[in-house]
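> no letters, just coordinates:
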């Protein structure tokens, strides 16, 4: 076994690695990649596509994001605390649910969007979260993912410490485990790596995932910062049947055929 093969979890049909760097390493080696950023990018994407919005992920929240939004002809989502009547779209799933409909939206996120970008052009990229984990697992099984010949990577985003380093986050590990567990339950051929298998076990062994997310560090940060509604939306377990698929630069609902 080469160094590259163990880093890439080669030989397994369901793999798991963290953050944009994990996506950069595994993306070219797998047939599909599931981004999991429960609080809040992929939850926001699930809410938006349910409402008929195509979501353009963008990895940076800077001047280039505005230029990109102008180029694709879409509103640019603002920070949670920057929402106004004129700028009603943000990374907040609760705010998106109440915002006016828009056909397209640019959603900057240094975690979830960065992972989608890191997967590379031509990759099959899905947005997974606790709201749609069962639907995503079912869709992956229907498409034949999960074998060593057609592997899928599940990439929990995690959060960032003030120095920019990755902080593994419980909510994203649970979300990744929920997707992996759903796929393996529906695909007897699925061959999870130890990393993906352990995440699936964590999911199935957690008696109250919604309470765990609300009480974990990231959930408390959002709630104490004034956004408990975002935690509530993010923990609507399997409330959504929409599977957001990245196509032509934007997430839309995947065809179930």
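Nice, thanks for sending it over. Quick caveat, the model's predicted, so the values are computed rather than measured.

> burial measure for residue 124, as a count.
Residue 124: 19 surrounding residues under other Cβ atoms under 10 Å. The C-beta positions use only the backbone N, C-alpha and C, and glycine is treated the same way.

> longest helix of the protein?
helix 170-186 (DSSP state H).

> from the contact counts, what lies against that helix?
Applying 3 or more Cβ pairs under 8 Å, 6 or more residues apart in numbering; DSSP states H and E, we find helix 170-186 packed against strand 14-16, strand 32-36, strand 125-128, helix 133-142, strand 152-156, helix 194-205, helix 209-215, helix 217-224.

> do that again at 7 Å, thanks
strand 14-16, strand 32-36, helix 133-142, strand 152-156, helix 194-205, helix 209-215 (3 or more Cβ pairs under 7 Å, 6 or more residues apart in numbering; DSSP states H and E).

> can you tell which of the ones you listed is closest to residue 234?
helix 209-215 (6.7 Å; Cβ to Cβ).

> what about that closest one, distance to the chain center?
18 Å (Cα atoms, centre = their mean, to the nearest Å).

> buried residues of that helix, list them for me.
Buried residues in helix 209-215, counted by 16 or more other Cβ atoms under 10 Å: 209, 210, 212, 213, 214.

> check contacts around the first one.
By Cβ atoms under 7 Å, 6 or more residues apart in numbering, the contact set of residue 209 is 130, 174, 237.

> neighbours of residue 217, how many?
Residue neighbour count, defined by other Cβ under 10 Å, stands at 11 for residue 217.

> and the gap between it and residue 224?
11 Å (Cβ to Cβ, to the nearest Å).
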